[in-house]
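J.: Sharing a model that was predicted from the sequence below.
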Amino acid sequence: MLLSVKMKRVLREENFVSSLRPLYYVSRMLGLAPFTLKKNSVLKEIDTAWMFYTIIILISVLSCGVLSLMYRVEQSQLRATIVINECLMMFGGSLKAISSILLCVTLNGVKSREVISKVIKLDKALLCDSSATYRKALIFILVQVIVVHSYEAALFICDTWVWTHAVDNLSVWYFISGYPHRTLNMQTTLEFSDLVLLIRNRLQALNSRLSFMLRECVEPDFVVFSNVTRELVPRSAVMANEIPVTGVKSVKRTFIGSPQHVNLRQPLFKISQQRNIRSARELYDEMCDIRDLANSMYGFQLLLELGVTTAELTLSSYLMLATILGIQSVEINTIGQFISLMAAWQVQYAFKLIIITAPCQSATNEVENMAVLVQKLLLVRDFDQGTVAELQLFSQQLLQRKMKFTAFGFLSLDHSLLFTIVGGVTTFIVIAMQFKA
């Protein structure tokens, strides 16, 4: 009853900061919160108590990473290639978790508060119904956090149980020591994914505004053509009948010729959208600033995460196929459980790769749609010179400041990266299977 009352109170808080509470509470519990959120949705720097708690989490993750490496080095029940690959993955995963905590404490605090202030500024100028948007965001983040971390917990329990029954004399701490950094890395990936989805949603809102502007300006016009024909008279006949007239000024006459030689649309007045286009340019510039902050906050962690996840996906796929083909010796009564476990791990690895690349690709697609809308607006003839100039500047801005997300500047985060990883993993497994055969 008390929980439902608190949930109703949270849902009534219609502001952007309150919609981040589920993600913030999990991040704070894992030592990844770069700021302190007060009851009145005010952001403060991390106080001394939470700084001490973050240091404890950092020491715990570091200790688990060292223990995990020690257990794997001393393990003689598994193949040497598996042990070496697991050691490399544990080292990379622990390094990413430790770097995430250190960056949150040192650098990302100011950057995250700057991101939130920019988003609040964007929403005031862009969203028509901000309360409904924040309510949907809160529900989405709450469901996301519950589902993802519940799946992780169930996967960790099954992983420990299956491996201890499949391999003799394998300590439970062999697995438990490798789980803390996995949880932290998943939370960091969720934070980045939600931030990119936020940018994507604001780009969609801006595109909706530009689409409405285009529909308002492009309407059918009725153009009246004058069917004026002029007969060609020989100049000699005119000269022969010429009568000089003095004191009469020449009168300038304008003839409307065929429709091929005139502008078909002659509006009575010009439409001015200069202020709206200028506002759209400023909003897009703010989104690009948020993009830059996101790249600087999560670039290094994403680079490590992509490398570790790719290696884990490759190893789990190899182990599953090796078990099916009889290369890896596993007890008969645990083969089905082992294959199911490897498939569950592959689902998690694929989920990580998808939530890293798919939102970035979606945001890039929205910017491409925005460029198309700007070009269509440039074709509208009813705009005045000021509006046309702003549209031309907007087109140059979209060309120069692209919505591009990168992993520390080394890898572009889009669908092409996902296809490259899948192709590389498939090629490696095929070669490894042929080598073993």
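T.: That came through fine.
J.: Hmm, Leu315 and Phe428 touching each other?
T.: No - using C-beta atoms under 8 Å, Phe428 is not in contact with Leu315; the gap is 9.9 Å. Just so you know, the C-beta spots here come from the backbone N, C-alpha and C atoms, and that holds for glycine as well.
J.: Between these two, point out the one with more neighbours.
T.: Leu315 (22 against 15; other C-beta atoms under 10 Å).
J.: Helix or strand for that one, just tell me which one.
T.: helix 274-325 (DSSP states H and E).
J.: relative to helix 274-325, how tilted is the helix or strand just after that helix?
T.: Using DSSP H and E, the helix or strand that follows helix 274-325 towards the C-terminus is helix 335-378. Inter-element angle recorded for helix 335-378 and helix 274-325: 160 degrees (by axes from the mean of the first three to the mean of the last three C-alpha atoms, to 10 degrees).
J.: Show me what helix 335-378 is packed up against.
T.: Secondary-structure packing of helix 335-378 (3 or more C-beta pairs under 8 Å, 6 or more residues apart in numbering; DSSP states H and E): helix 130-166, helix 180-217, helix 274-325, helix 385-400, helix 415-436.
J.: try 10 Å
T.: Applying 3 or more C-beta pairs under 10 Å, 6 or more residues apart in numbering; DSSP states H and E, we find helix 335-378 packed against helix 130-166, helix 180-217, helix 274-325, helix 385-400, strand 406-407, strand 411-412, helix 415-436.
J.: and the third one, what does it pack onto?
T.: The one in question is helix 274-325. Counting by 3+ C-beta pairs under 10 Å, 6+ apart, helix 274-325 packs on helix 80-106, helix 108-126, helix 180-217, helix 335-378, helix 385-400, strand 406-407, strand 411-412, helix 415-436.
J.: low-scoring pLDDT stretches of the stretch 101-250 of the chain, where are they?
T.: 219-250 (pLDDT under 70).
J.: one more time with 80, if that's ok
T.: 163, 165-171, 218-250 (pLDDT under 80).
J.: one step back: mind putting the helices and strands packed on helix 335-378 into a markdown table with distance to Ala97?
T.: Rendered in a markdown table, the data for those read as follows (distance: least, C-beta to C-beta, whole Å):
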| stretch | distance to Ala97 |
| --- | --- |
| helix 130-166 | 14 |
| helix 180-217 | 4 |
| helix 274-325 | 9 |
| helix 385-400 | 36 |
| strand 406-407 | 17 |
| strand 411-412 | 20 |
| helix 415-436 | 21 |
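J.: closest one to Ala343 among these?
T.: helix 274-325 (6.8 Å; C-beta to C-beta).
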